[in-house]
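Trainee: Would you be able to build a 3D model of this:
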Amino acid sequence: MSANSWKNLSDGKGLLDLQTLNLGSLENAVWERIQNLKKMRFGSRLWRKDPQLWKSDPKDQAVIRGALGWLDVIEKMRKEAAALKEFAAEARRSGFRQVVHMGMGGSSLAPLAFERILPRPAAGMALRVLDTTDPATVLSIERFCPLTENLFIVASKSGTTAEPSAFGEFFFDRLKRLKGDRAGENFIAVTDPGTLLEHQGKERGFRKIFPGQADIGGRYSALSPFGIVPAALMGVEVSDLLRRAQRMADACGPAIPEEENPGVVLGAVMGEMVARGKDKVTFLTPESLSTLGLWLEQLLAESTGKEGTGILPVAEEPLGRADDYAGDRLFVVIELKGEKDPVLNRLVPELIASGHPVVAIQLGDRLDLAQEFYRWEIATAALGGILRINPFDQPNVQESKDNTNRLLDYYRRKGRLSDPPSSLREGALSFYGGRGGENGREFLKEFFAQGRPNDYVAFQAYLTETPEVQKAFQSLRRIVQQKFRLATTFGYGPRFLHSTGQYHKGGPDTGLFLQFTADPPEDIAIPGSPFSFGTLRRAQAQGDFEALKKHGRRIAGIHLGGDPVKGLNEFCGIFAETMRMIS
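Mentor: Sure thing, here's the model as predicted:
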């Protein structure tokens, strides 16, 4: 096969979507990268679970050997499809109207993608994903429909993850008041065998406990019970979903030449782009597929953002024109067959004509989401091999957790958290952590003066997720993009701590971080704990701020006061004025 014949990949039977590469002058370089992977026999060795593809240190290799169960999980889950379908039907017959999936990071992002992307059959239950310690969001679950009609999934691989543990305690306490010893009927757990959550579920009489696999990490668990159980409960035909994933697994199988393997080729493209300074993979999707970007953020950022390298996933960024983007981008367009987006139809040809590398992927329908999970898992493994990092650990995620626990221990002893010293106050806003200034405009001007070419700006919001907040931050991202031609990311805390948070601290020092916090208008206690959800969220924000400072990252914080929307609007005005001041 020549360098000109591998750009459009399908299985020749019309079963797989088309993966099209528009790489311009970089085509030959990517071809050479693929040939290097071929010489390594990357594809066949991956399926043999050879840890030397990534690391030579025995300790690293032990971790890697215990993290490759995702390669063959599909067949195992297909054997469980009929039982899952019957379990979902029984739950509906028992009167449940809504499923509340309570997880964090890898245990919640695949269900979130299923919830927002897949159509829910009429017979299925509504799925709601709770993955924030924001008190208002937790309360909204309780107020949406009668608690007795909710089936709660507590999802945690370790069985001790702080957020789902807190969610579980809160809602179990509420149900126990209503149903007494029968409260466990409203709960199921998804957790690895032998965890504290498994033991707790048995003691409390949970309706069902689904075991995970110890050899599958959270971000690679989309096609394991962590993703498939909530999909089944919302009425998705999981046998069909898994069949789509199997098609991609077959296309990336051990006997497939590397140049014909969609996942390996995609990993090679990303690896070559990182080597050439194009280390920001920017996802362009229609609104209907935008949540896939959140799942991809965690997979790529947490897998590759370590040892000072990695690729930054940029999702849901406001679309500009081709000349709004610097030369540090790889664009990936993901579309649905028959669903054309007029803005993407205009932008993508512009990007190609301007010399930006573009990968285009087309899904036949929304159930093909499952094959995308598998394609990108293979691609991420290949990229990790090229970068010579372990794509299956997350060393810097623990730092923020440790800081949070230390701050909460302080709260237990003192009954309060110590506030970080603010640099200045203006109106309802407090600014802290930057270089100072006489007012908010000077503060922000000094902050952005630290910027360098090919940096990125990360907006981190420990706020309630609402359309108003989303719109405000999209406006801020657009201003930065047009003013500085810098990539921007946006994440809600604590969700991003379990995804891009690894890249922020372990990846290259190219980020400018703006953290936003607020006082919750309404707070709620966590049963059995001396602190509230609001206190937990505040400690998580402070813990991550400290971790970023420890790594020498350029970070500033803005506290919006007791009315987050009003404070955010005030900040947006100051921000716009600041941008006009900067020449």
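Trainee: all strands of the stretch 351-500 of the chain, in order?
Mentor: Assigned by DSSP state E, counting those that start in this stretch, the strands in the stretch 351-500 of the chain fall at 358-363, 424-426, 429-432, 456-461, 487-492.
Trainee: Quick one: closest of these to residue 514.
Mentor: strand 456-461 (5.4 Å; Cβ to Cβ). Just so you know, the C-beta spots here come from the backbone N, C-alpha and C atoms, and that holds for glycine as well.
Trainee: what angle sits between the closest one and strand 487-492?
Mentor: Using axes from the mean of the first three to the mean of the last three Cα atoms, to 10 degrees, the direction of strand 456-461 lies 20 degrees away from that of strand 487-492.
Trainee: How about the contacts made by the residue sitting nearest the centre point of the chain?
Mentor: Computing the C-alpha centroid of the chain and ranking residues by Cα atoms, centre = their mean puts residue 298 first, at 3.4 Å. Under the criterion of Cβ atoms under 8 Å, 6 or more residues apart in numbering, the neighbours of residue 298 are 105, 106, 109, 219, 498, 499, 500.
Trainee: again, 7 Å this time
Mentor: By Cβ atoms under 7 Å, 6 or more residues apart in numbering, residue 298 lies in contact with 105, 106, 109, 219, 498, 499.
Trainee: could you redo these as a markdown table and give each row pLDDT, neighbour count and distance to residue 422?
Mentor: Shown next, in a markdown table, are these (pLDDT from 0 to 100; neighbours: other Cβ atoms under 10 Å; distance: Cβ to Cβ, whole Å):
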| residue | pLDDT | neighbour count | distance to residue 422 |
| --- | --- | --- | --- |
| 105 | 86 | 27 | 30 |
| 106 | 85 | 28 | 35 |
| 109 | 95 | 30 | 34 |
| 219 | 94 | 28 | 35 |
| 498 | 84 | 26 | 28 |
| 499 | 84 | 29 | 28 |
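Trainee: The residue nearest to the centre of the chain and residue 106, how far apart?
Mentor: 7 Å (Cβ to Cβ, to the nearest Å).
Trainee: what's the answer for residue 386, then?
Mentor: Residue 386 sits 23 Å away from residue 106, going by Cβ to Cβ.
Trainee: Could you do residue 146 as well?
Mentor: In terms of Cβ to Cβ, residue 146 sits 31 Å off from residue 106.
Trainee: what's the overlap in contacts for residue 298 and residue 106?
Mentor: residue 219.
Trainee: Let me know the pLDDT of the closest residue to residue 205 other than its chain neighbours.
Mentor: Spatial nearest neighbour of residue 205, excluding adjacent residues (Cβ to Cβ, 6 or more residues apart in numbering): residue 184 at 3.3 Å. Residue 184 carries a pLDDT score of 98 in this model.
Trainee: coming back round to it: just send the contacts of residue 298 back as CSV, with distance to residue 123 too.
Mentor: Below are the contacts of residue 298 laid out as CSV (distance: Cβ to Cβ, whole Å):
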residue, distance to residue 123
105, 30
106, 29
109, 25
219, 31
498, 32
499, 33
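Trainee: Can you name the element that comes right after the helix or strand residue 538 falls within?
Mentor: Assigned by DSSP states H and E, residue 538 belongs to helix 533-550. Following helix 533-550 in sequence order, the next helix or strand is strand 554-559 (DSSP H and E).
Trainee: now that next one, how far from the centre of its chain.
Mentor: Centroid separation between strand 554-559 and its chain, computed with Cα atoms, centre = their mean, to the nearest Å, is 22 Å.
Trainee: same question, stretch 219-233
Mentor: Centre to centre, stretch against its chain (Cα atoms, centre = their mean), the figure for stretch 219-233 is 15 Å.
Trainee: Quickly list what residue 426 is bridged to.
Mentor: On the basis of DSSP bridges, residue 426 is bridged to residue 429.
Trainee: Verify the stated contact: it with residue 442.
Mentor: No: the criterion here is Cβ atoms under 7 Å, and residue 426 misses it with residue 442 at 10.1 Å.
Trainee: Report the contact partners of residue 370.
Mentor: With Cβ under 7 Å, 6+ apart, residue 370 has these contacts: 223, 241, 242, 244, 245.
Trainee: That should have said residue 457, apologies.
Mentor: Contact analysis of residue 457 by Cβ under 7 Å, 6+ apart lists 480, 486, 488, 512.
Trainee: Just the pLDDT for it.
Mentor: 98.
Trainee: What separation do you get for it and residue 280?
Mentor: 12 Å.
Trainee: and what of residue 349?
Mentor: In terms of Cβ to Cβ, residue 349 sits 21 Å off from residue 280.
Trainee: More neighbours: which of the two?
Mentor: Taking neighbours as other Cβ atoms under 10 Å, residue 349 and residue 280 compare with residue 280 leading, 25 against 13.
Trainee: correct me, but the more buried one touches residue 317?
Mentor: No: contact status for residue 280 versus residue 317: not in contact, 9.7 Å apart, counting by Cβ under 7 Å.
Trainee: mind checking the SS state of residue 575?
Mentor: Secondary structure state of residue 575, per DSSP: H, G, I helix; E, B strand; the rest coil, is helix.
Trainee: wait, what's in contact with it?
Mentor: Applying Cβ under 7 Å, 6+ apart, the residues near residue 575 are 444, 476, 479.
Trainee: Name the nearest of those relative to residue 134.
Mentor: Distances from residue 134 to the contacts of residue 575, taken by Cβ to Cβ, are shortest for residue 476, at 19.7 Å.
Trainee: Next up, the contacts around the closest one.
Mentor: 459, 572, 575.
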